[in-house]
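Asks: pasting the sequence and the predicted coordinates here, then a few questions.
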Amino acid sequence: MIDSNGTNPNVIEEELMDELDEELDEDLDGEEAEDEFADDSLSAEAIEGQLALNSLNPLGEEEEDLNLDEIDNILVLTEDKYPKFTLAKNKARFLRMVSWYRAKEEWIEVAPLSGVTKLFKQQTKELEGIRSSKLDYEMELETGTLTPSQRSYRRDELKMCRVQEKMAVHLISKLQVKIKSGRR
């Protein structure tokens, strides 16, 4: 296969690998290489520890510094603290979701009890679907059979489910308070 420059990428890659091999051979004699690598050897405990870390994060994916479990209400976060998404469509979806949940929280203050009850039923049903999707994404990620791009997509979707679950639970609790106070 020849690229737009008229060169074969496979030939270039092979040439680069050959050059690297030659440079390594020139830098290290056989005995010196063994001595040098012997100094860098890892203990069995260190190797096991690294394998354990890799099993938690198999592709060396960077972890997000935002822990969703520590946040009660995502709606109070500033924009710079929002969760980061790989896909732009998920970032846009997240922003629309935040806007919708904020509007519903404001609406609760002036809404009639019948409307609040109706929204409560809708949200509890939707929460079941969110949790089901979340479980599906978690199970898919645990299988380890996904390509890197599929993995990235599933992680994004899982994060979206977690965020949506947090917002839905928060809204449902506000709806419950409104329903209880309205019936007294």
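Replies: Good, I have the coordinates. Predicted, not measured: the structure shown is a model, and the values here were computed from it.
Asks: hey, let's count contacts and neighbours off CA atoms from now on
Replies: Noted.
Asks: the domain parsing of this protein - what is it?
Replies: Per automatic domain parsing, the structural domains of the chain span 9-56, 68-182.
Asks: and the ones you listed as CSV, adding mean neighbour count and mean pLDDT?
Replies: Below are the domains of the chain laid out as CSV (neighbours: other CA atoms under 10 Å; pLDDT from 0 to 100):
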stretch, mean neighbour count, mean pLDDT
domain 9-56, 11, 51
domain 68-182, 15, 91
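Asks: what helices and strands are in contact with the longest helix along the chain?
Replies: Secondary structure assigned by DSSP state H gives helix 148-182 as the longest helix of the chain. When contacts are defined as 3 or more CA pairs under 8 Å, 6 or more residues apart in numbering; DSSP states H and E, helix 148-182 packs onto helix 88-110, helix 113-143.
Asks: could I get the ones you listed as TSV with distance to Glu79?
Replies: Shown next, in TSV, are the helices and strands packed on helix 148-182 (distance: least, CA to CA, whole Å):
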stretch	distance to Glu79
helix 88-110	10
helix 113-143	24
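Asks: closest to Lys159 out of these?
Replies: Proximity to Lys159 (CA to CA) singles out helix 113-143 among the helices and strands packed on helix 148-182, at 8.5 Å.
Asks: for that closest one, packing partners?
Replies: helix 148-182.
Asks: what's the angle from the helix it packs on to helix 88-110?
Replies: Going by axes from the mean of the first three to the mean of the last three CA atoms, to 10 degrees, helix 148-182 is angled at 0 degrees with respect to helix 88-110.
Asks: oh, and call the first residue 49 from now on, that's how I've got it
Replies: Let's use 49 as the start, then, which means that last one is helix 196-230.
Asks: and of the helices and strands packed on helix 196-230, who's closest to Leu206?
Replies: helix 161-191 (5.7 Å).
Asks: what angle sits between that closest one and helix 196-230?
Replies: Going by the same axes, to 10 degrees, helix 161-191 makes 150 degrees with helix 196-230.
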